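In: my questions concern the predicted model and sequence given below.
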Amino acid sequence: MSENKILGYSPILYGKEYLRESLGSIVNHVEKCVVLYTNTPSYGFGTEAKCPDSEEELRGIAEEVLGDKLIWVRGRWGQEGAHRGEIFKYSGGYDGILAIDVDEVYDQETLPKAIEEGLKSPQMYLGFGGYINFWRSFNHACYDGFTPIRFINLRGDSTLGNGVVSCKVYHFSCAQPKEIMNYKYEIHGHKNELRPDWLNSIFYGEQMIDVHPTSFGLWNATPFDKNTLPESLKNHPNFNKERI
């Protein structure tokens, strides 16, 4: 870990499928990690359906992985910005904030370089460029140019716009079990942008071309060599599944 103080955080409602691997990919790069947990959907859409993952399950995994680095915060937020913005209440004395979602796992070789570059950037908000979006298994992945904000340089200037640093991110939003996909479909932050009947006609179908949930002509599932994955993912129960 660098001499700079980095605070990690993860906004959580569900996510036990990859939570161990996700938090495990940042634990050695942060001083503390704030898990912002809510038991009700916080990205703009609600549902009567029960979340498949319980707080007890999620917290148990977080405690095992993070140990005394864990700060567990339970709250309710009306939309994604408020949920993510909660982290600033805990960022005093830190140089940077490293965010990670529960379906993301950071590559250990490129992450330290991304943090270093982020801290040197004149900009405050840095997106990560290098997402590998797995499709229905570890055998196929899709690629795009999206760079979600995953690092905040607390010494940077927020008026300069967002920057981008390179970091390989293994992303499993579309490599989830059915109960999670069905639940996600109801509360997705981009629910009103989802393609008609995407879940049934595309995700649960046999389609491999043009499969992105909201954008046309963006995602094509191409073969991925899963033997290049880190050991934590090679040991995951989904590693040998042809379809998750």
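Out: Yep, it's here.
In: so how far is residue 224 from residue 97?
Out: 30 Å (C-beta to C-beta, to the nearest Å). The way it works is simple: take the backbone N, C-alpha and C, and place the C-beta from them, glycine included.
In: which of those two has more neighbours?
Out: residue 97 (25 against 20; other C-beta atoms under 10 Å).
In: correct me, but residue 63 touches residue 70?
Out: Yes: between residue 63 and residue 70 there is a contact at 6.0 Å, judged by C-beta atoms under 8 Å.
In: which of these two has more neighbours?
Out: Neighbour count, other C-beta under 10 Å: between residue 63 and residue 70, residue 70 has more, with 18 against 13.
In: contact partners for that one?
Out: 32, 33, 35, 62, 63 (C-beta atoms under 8 Å, 6 or more residues apart in numbering).
In: OK, contacts around the residue most central in space within the chain?
Out: With distances taken as C-alpha atoms, centre = their mean, the residue of the chain nearest its centroid is residue 101 (2.3 Å). By C-beta under 8 Å, 6+ apart, the contact list for residue 101 reads 10, 11, 15, 22.
In: in helices, which of those appear?
Out: residue 22 (DSSP state H).
In: lowest confidence element among the helices and strands of the protein?
Out: helix 178-187 (a mean of 88; mean pLDDT, DSSP states H and E).
In: and the next element down the chain from that helix?
Out: Next along the chain after helix 178-187, taking DSSP states H and E as the criterion, comes helix 198.
In: packing partners for the helix or strand just after that following helix?
Out: Going down the chain from helix 198, the next helix or strand is strand 222-223, by DSSP H and E. Under the contact criterion of 3 or more C-beta pairs under 8 Å, 6 or more residues apart in numbering; DSSP states H and E, strand 222-223 touches strand 140-142.
In: tell me the mean pLDDT over the strand it packs on?
Out: Averaging pLDDT along strand 140-142 gives 98.
In: output the contacting helices and strands for the helix or strand that it is followed by.
Out: Going down the chain from strand 140-142, the next helix or strand is strand 149-153, by DSSP H and E. Strand 149-153 is packed against strand 96-99, helix 111-120, strand 125-135, strand 163-174, with contacts defined by 3+ C-beta pairs under 8 Å, 6+ apart.
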